[in-house]
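> I would like to see how this sequence folds:
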Amino acid sequence: MSSGFQVNRAASITRKEVRHIFRDPFTLGWAFGLPLFFVIFFGYAIDFNVKEVRLVVSDQDNSRASRQLLEVFSGSKYFKLSQLPPGVSPQRDLSRERAKGVLLIEPGMGEALGSGKPYQIQLLLDGADNSTAGIIISYLAGIQQAAGKRLLNQTRSAPVRLQTRFLFNPELSSPWFVVPGLLAVVMGVLAIMLTALTVAREWESGSMELLLSTPVKPLEIILGKLTPYLVLSLLAVAMIYLVARLQFGLPFRGSQPLFLVGVILFLTLCLAQGLLISVVTRQQALAVQLAFLAGLLPPLLLSGFIFPVESMPAFFQYLTMLIPARWFIVISRGLFLKGSGVVELAVPLGMLLGMNLLLVAAALKRFKKDLEP
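Next comes the predicted model:
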């Protein structure tokens, strides 16, 4: 028998894996049910738009001007007001987390505005949740402008007017930002788990040793093992793509073939990572633990899915370069929202390709024919 690479031997392993997949409903349910559930659930659950912020109001002025100011707050979609009972400390509801802020209006507001004097109003915010506090502060600029028009009849335009437009996501829709990132996180951990768990099971059952005792080459085993799970993962991505377009209304402004290239590079890299984990561990329990550790936590925290990479310390910015999900999130968001082309995505595509070659080479090196662990 020829000692070189043979396609028919790799195809035989692929057919074996396909039969195993169809005999195992758990694998099919894991491949299709899990990503669909997570994308729909977290696509609605994760919302970066803060609405109906609970404010407790202490209006000690009780004038027409103070009531108009409160109408400006309550008339917006951002704040939900409630009155502070007499004799109660303003910080009580903040400490009990019943409100995010306390609006204090001291006596003399109506008199000061009537005489044209400036007047200050104090807003106490819960700084324990710094992200929400920052968003609330950003809302105050619009509230202040609306209050000026309502209370002082300031209708004259300013000499310089700054007009803001949001490109790529005009309504600042959270699902438009979250779902392309979820695609990378969910499919990454799924692809790693599929190969890590399945191949480790074969090590424990002894079928892998039987396979390695034949003339089959390590590269044939790797291609035969990865191909069916790559097809299975591609079908799951197609399902998530339809959900993103139909359920969440995401646009797709980029190239479909380029998106397919990015998906294949990312999934192949994750599948090779799972294969390497299974080769190193040869135990299902340990493989599952390492797969979750490598496939879930780094992509969730360090890929730019939630926290911008640019805001991280320099060390972690360099560390994120080793995380495949970081580069695929750039590709996914760029193609869905921005319509990026090959030139804009050359770096993330090149990084995925380079890491693919390294991981496959590492798996080949570890996939020896000696049966010693």
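
> where does the nearest residue to residue 58 once chain neighbours are set aside land on pLDDT?
What sits nearest to residue 58 in space, not counting adjacent residues and going by CB to CB, 6 or more residues apart in numbering, is residue 84, at 4.4 Å. Just so you know, the C-beta spots here come from the backbone N, C-alpha and C atoms, and that holds for glycine as well. Predicted confidence (pLDDT) for residue 84: 83.

> can you check the one 10 residues further on too?
What the model reports as pLDDT for residue 94 is 81.

> who's in contact with the strand or helix carrying it?
In the assignment (DSSP states H and E), residue 94 maps to helix 92-95. Defining contact as CB atoms under 8 Å, 6 or more residues apart in numbering, one finds that helix 92-95 is touched by 54, 56, 84, 99-102, 124, 126.

> Quick check: PyMOL command selecting the buried ones in those.
Restricted to buried positions by 16 or more other CB atoms under 10 Å, the PyMOL selection for these reads:
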select buried, resi 56+84+99+100+101+102+124+126
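
> hmm, which two among the contacts of helix 92-95 are most spread apart?
Considering CB to CB, no two members of the contacts of helix 92-95 lie farther apart than 84 and 126, which are separated by 15.0 Å.

> Which of the helices or strands spans residue 164?
Here residue 164 is assigned to no helix or strand, by DSSP H and E.

> who are the neighbours in contact with it?
Taking CB under 8 Å, 6+ apart, we find residue 164 in contact with no residue.

> what separates it from residue 138, distance-wise?
11 Å (CB to CB, to the nearest Å).

> and for the helix or strand containing residue 363, what are the contacting residues?
If you go by DSSP H and E, residue 363 is part of helix 346-366. Contact partners of helix 346-366, identified using CB under 8 Å, 6+ apart, comprise 218-219, 222, 261-262, 265-266, 268-269, 272-273, 275-276, 279-280, 321-322, 324, 327-328, 330-331, 342.

> could you flag which of those residues are buried?
For the contacts of helix 346-366, buried by 16+ other CB under 10 Å: 218, 222, 261-262, 265-266, 268-269, 272-273, 275-276, 279-280, 324, 327-328, 330-331.

> Among those residues, name the ones in helices.
218, 222, 261-262, 265-266, 268-269, 272-273, 275-276, 279-280, 324, 327-328, 330-331 (DSSP state H).

> still on that earlier bit, what's near enough to touch the residue nearest to residue 58?
Contacts of residue 84 (CB under 8 Å, 6+ apart): 56-58, 90, 93, 102.

> Please flag which of the residues you listed sit within strands.
56-58, 102 (DSSP state E).

> Turn these into CSV, columns for distance to residue 240 and pLDDT.
Formatted as CSV, the ones in strands among the contacts of residue 84 follow (distance: CB to CB, whole Å; pLDDT from 0 to 100):
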residue, distance to residue 240, pLDDT
56, 42, 90
57, 44, 91
58, 48, 89
102, 43, 89
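
> And the strands in this protein?
Under DSSP E, the chain gives strands at 53-59, 79-83, 101-105, 122-125.

> any chance of those in CSV, plus distance to residue 28?
Below are these laid out as CSV (distance: least, CB to CB, whole Å):
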stretch, distance to residue 28
strand 53-59, 44
strand 79-83, 45
strand 101-105, 49
strand 122-125, 49
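
> Show me where this structure dips below the pLDDT cut-off.
For the chain, the stretches with pLDDT under 70 are 1-4, 153-163, 209, 212-213, 368-373.

> Show me how it divides into domains.
Here the domain assignment for the chain is 7-46+172-366, 53-152, based on automatic domain parsing.
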